[in-house]
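**Student:** fold the following and give me the result.
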Amino acid sequence: MELAIYKNIISDDALSALNAGNAGVAMGKIISFAETNGISSDAVREYIVSLLAGDENILSQKAQSGKNIGEDLYKYALADIEKIYNRFLAENTYPKYTPSESFKGFYEGYALSIAELMRCTEPKTILDTLIEHYKTLGSGIFAKYAAFRYSEKGLEGISELDDITFDDLVGIDYQKQVMIDNTEAFLSDSRANNVLLFGDRGTGKSSSVKALLNAYYSDGLRMIEVPKRCIRNIPDLSNELAQRPHKYILFLDDLSFEAGETDYRALKVAMEGQLRANPSNVLIYATSNRRHLIKETWSDREGGEIHVNDNVQETLSLSERFGISLVFSAPSSQKEYLNIVRSLLEAKGIEMTAETEREAVVWQMNYGSRSGRCAGQFAAAYEAKSKKIKKEN
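**Tutor:** Numbering: from 1, shown residues only. Below you'll find the model as predicted:
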């Protein structure tokens, strides 16, 4: 079978086996697919439309980047789909296979799109649905997940997200609102800023970023965790994301640089400093325990006024590339800490009593410091204990 646009499809091992009439060989790979990624009761048909939806080709690239698809490109793609449909989908005589359970890890929009593709009964409808899939979701791994981890090996989809929401975060109303306003501007194609969240440990910096994703992934927000060792790859990653239909936050957690480290320069260039304009659909949100991300030593302050000034400017230059800097502070008093505990318990339907306050204070003393994290951990433990007592009674 000769294909012009979807030529990658026919080289797939399972489809090659089906095309050669060797259904038994093909079913081994299709069964593995169904048990690990299947979302329907028709594994063979789902496997084929998933290949089409995930294919990286000139049509999918143009569609997801918002570019026009010419008549000739559409014509050749339709010819390919007709061949694939007539060979594999028109009369599905292959063995039926229903997975043991439906895979729940994909973004729900992707699952709905695959289900729509499976309902299509003619080549033109399949192609039109594929183009819409590329435009709204993208192709490959980008269409399947709302969150990713980046490493030297590339992107890995995150199937189970931390379910934290802004309602779970107490005592940081100003910080939450600034992040919400900036992210909503980003999603509406208005000008938005890179964000630095810094301050005491356990005060909700990372949790706030995760809560953003849970609040806005259905509006097209996507998040990619990027470890510090991969910062040099951010420009290349950003250029790749520029061709995708979503809005991406690159999440750098617990970021800081020791004296002598130079990777921070790559981050400076990624935010501002390269000749090519930064993609409008990519922002960087970073958390850190200190305001100035580059650690300064006493030797940096030696060598004369000009030398000292140069070192100070170098230390500040990275932090200043974040348009928004938000400070997260631990509760300054026991009263503030207990107010956070009270709010968290009330959200769980638990009344705060004098005995509860005493236990919360003891918990905080054992923890070693007051923080929102400490309050959250106490509230979770107290809720579990309360449920156990009710069950025993």
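**Student:** identify the single longest helix in the chain, thanks.
**Tutor:** When the chain is scanned for its longest helix (criterion: DSSP state H), the result is helix 372-392.
**Student:** I'd like the average pLDDT over that helix.
**Tutor:** Across helix 372-392, pLDDT averages out at 83.
**Student:** swap in stretch 85-99?
**Tutor:** 85.
**Student:** returning to that earlier point: from the chain's centre, how far out does the longest helix of the chain sit?
**Tutor:** 30 Å (C-alpha atoms, centre = their mean, to the nearest Å).
**Student:** please save the CA atoms from stretch 201-208 in CSV.
**Tutor:** Written as CSV, here are the backbone C-alpha positions of stretch 201-208 (Å, rounded to 0.1, in the frame of the first residue of the first chain):
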residue,chain,number,x,y,z
ARG,A,201,9.4,26.2,52.5
GLY,A,202,6.0,24.6,52.8
THR,A,203,4.1,27.9,52.1
GLY,A,204,2.2,26.7,48.9
LYS,A,205,4.5,27.8,46.1
SER,A,206,4.6,24.5,44.2
SER,A,207,1.0,23.7,45.2
SER,A,208,-0.2,27.0,43.7
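**Student:** contact partners of it?
**Tutor:** 162, 164, 166, 168-169, 171-172, 175-176, 179, 197-199, 253-254, 287-289, 328-330, 369, 371-374 (C-beta atoms under 8 Å, 6 or more residues apart in numbering). From N, CA and C alone the C-beta is placed, and that goes for glycine too.
**Student:** filter these down to the ones in strands?
**Tutor:** The strands in this structure, assigned by DSSP state E, contain 197, 198, 199, 287, 288, 328 from the contacts of stretch 201-208.
**Student:** in ChimeraX, how would I select the buried members of those?
**Tutor:** Applied in ChimeraX, the following selects the buried portion of those according to 16 or more other C-beta atoms under 10 Å:
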select :197,198,199,287,288,328
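**Student:** next, give me the two most distant ones among the ones in strands among the contacts of stretch 201-208.
**Tutor:** Farthest-apart pair in the ones in strands among the contacts of stretch 201-208 is 288 and 328; separation 10.2 Å (C-beta to C-beta).
**Student:** shared neighbours of these two, anything?
**Tutor:** Here residue 288 and residue 328 have 197, 198, 205 as joint contacts, going by C-beta under 8 Å, 6+ apart.
**Student:** re earlier: buried residues in the longest helix of the chain?
**Tutor:** Buried residues in helix 372-392, counting neighbours by 16+ other C-beta under 10 Å, are found at 372, 373, 374, 375, 376, 377, 378, 379, 382, 383.
**Student:** on that earlier part again, so which of the shared contacts of residue 288 and residue 328 is the closest to residue 270?
**Tutor:** residue 197 (17.8 Å).
**Student:** hey, what's that closest one bridged with?
**Tutor:** Note on residue 197: beta-bridge partners by DSSP bridges are residue 287, residue 326.
**Student:** what's the average pLDDT for stretch 238-250?
**Tutor:** The average pLDDT within stretch 238-250 is 94.
**Student:** likewise for stretch 157-169?
**Tutor:** The pLDDT scores in stretch 157-169 average 90.
**Student:** state the distance from residue 118 to residue 56.
**Tutor:** 21 Å (C-beta to C-beta, to the nearest Å).
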